[in-house]
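J.: Sequence and predicted structure below; questions after.
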Amino acid sequence: MRLYSLSVLYKGDPKVHLLKAAYDVSTFNFFQRSSVQEFMTFTSQLIAERSPLGSRASVKEQEYLCHVYVRNDGLAGVVIADNEYPQRVCFTLLDKVLDEFSRQVSKVDWISGSPATIGYSALDGYLSKYQVQTPGT
């Protein structure tokens, strides 16, 4: 059971943009890592864009399960995990991250923010903390 990506996005008019993201691509071949990360960024944006405000959903994309939560204020979170990772845990993580993010980052910054300008560094820690270690890894 693995988590591959944890993203915070803003669903504004007319499109969704990435505010902050963390990735764990260590299980992929070195030469595949950047394209896998690009795929996860693109997929996260697409799923958040297609989800209505105030909704939660789980979408299967290739061999991954993408869990999205779009709050009524437009803040959205996406977790990309393997098929075995528990859905309930993903949504608990998204709740926690979005609540914390909205307390630490001003709503004014959501509209024009980007991963380079948003000062929120907890995603890597959450990605690592919620990683389920299986015997032999």
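T.: Nice, thanks for sending it over.
J.: going forward, measure contacts and count neighbours with C-alpha atoms only.
T.: Noted.
J.: Could you list every helix and strand in contact with the lowest-mean-pLDDT helix or strand in the chain?
T.: Counting by mean pLDDT, DSSP states H and E, the chain has its least confident helix or strand at helix 107-112, which shows a mean of 92. Of the remaining helices and strands, none touches helix 107-112 by 3 or more Cα pairs under 8 Å, 6 or more residues apart in numbering; DSSP states H and E.
J.: Just the buried positions in that helix, please.
T.: Across helix 107-112, burial judged by 16 or more other Cα atoms under 10 Å covers 110-111.
J.: Could you do stretch 93-101 as well?
T.: 93-95, 97-98, 101.
J.: quick one: V97 and Y69, what's the gap?
T.: Distance, V97 to Y69, using Cα to Cα, to the nearest Å: 11 Å.
J.: Quick check: neighbours shared by those two?
T.: G77 (Cα atoms under 8 Å, 6 or more residues apart in numbering).
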